[in-house]
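how would this look folded up:
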Amino acid sequence: MVYKFFVRSLDIIGSLLAIIIFSPIMIVIAIIIKIDSKGPVFADTPERVGLNYKPFKFLKFRSMIENAHILLKTDKRFKKFYMEYKRNNYKLKDDPRVTRVGKVLRKYSLDELPQFFNVLKGDMSLVGPRAYYFDELKYYISRDKKFKKDIDIITSIKPGITGVWQVSGRSEIPFDKRIKIDLEYASNHSLKNYFLILLKTPFAVFSKKGAY
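You can find the predicted model right below:
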């Protein structure tokens, strides 16, 4: 109970400060996105898995073409990329749907800035497991029913803007390993680990390792 109180307090303070500091940058990014390509400012993606499997709208600047998530599954032009997407841990290294501005946003994780509003609202924490898609976890569990217990533990805490796997290689880490890393954090989360990950995050972002 004490842990939850302190983490929530830190999340509120941290997200408020981040929103104040980065608001001018976010306004500029929003304008550039609208100028660069057709579509909304924020990514129109499926809901993510939150605390205790509660779905929530994940805020993220749009770095792809409009309706990118749907087109990947339905448009014949992207059929081979969709197969690669599933094979490559739900990531595409050279994703043809990414816009010119999107490439820069992703490189420096600027597309993630709106998530501070998710933290302020209470859907997320500054530090936690990845905010997974329901499809990702459904596929993972379908491989072996015992994996359901792992996901139950991971979703017993809020997903985070940053986390262990994000500061350990980001997209370069295989999906199964990400799950194991998130499981380890969720099983042993503490204020010490919370602060350690926060301190490591700026270095991970500026190193650009695994960013695509």
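
only C-alpha atoms for contact and neighbour calcs from this point on.
OK.

Give the next helix or strand downstream of the longest helix along the chain.
For the chain, the longest helix by residue count, based on DSSP state H, is helix 2-36. Tracing the chain past helix 2-36, the next element assigned as helix or strand by DSSP states H and E is strand 48-49.

confidence score at residue 87?
Residue 87 is assigned 60 on the pLDDT scale.

cool, residue 109 as well?
So, for residue 109, pLDDT stands at 89.

Quick check: closest non-adjacent residue to it.
Spatial nearest neighbour of residue 109, chain neighbours left out: residue 205 (6.6 Å); criterion: CA to CA, 6 or more residues apart in numbering.

pLDDT score for the one you found?
pLDDT for residue 205: 78.

In this structure it contacts residue 108, no?
Yes - contact criterion CA atoms under 8 Å: residue 205 and residue 108 qualify, at 6.1 Å.

For the residue nearest to residue 109, pull up the helix or strand it's in.
helix 191-207.

what does that helix rub up against?
3, 7, 108-109, 126-127, 162-164, 166-169 (CA atoms under 8 Å, 6 or more residues apart in numbering).

which of the residues you listed are buried?
7, 108-109, 126-127, 162-164, 166-169 (16 or more other CA atoms under 10 Å).

what's near enough to touch residue 178?
Residue 178 neighbours (CA under 8 Å, 6+ apart): residue 165.

now it: how far from residue 22?
Applying CA to CA, to the nearest Å, the value for residue 178 to residue 22 is 28 Å.

Give me the phi and psi for residue 64.
Phi and psi for residue 64, reported as degrees, to the nearest 10, are phi -120, psi 180.

Name the nearest residue to it, sequence neighbours excluded.
Residue 64 sits nearest to residue 98 (CA to CA, 6+ apart), 4.1 Å away.

where are the low-confidence patches of this protein?
Where the chain drops to pLDDT under 70, the residues are 79-93, 169-172, 208-212.
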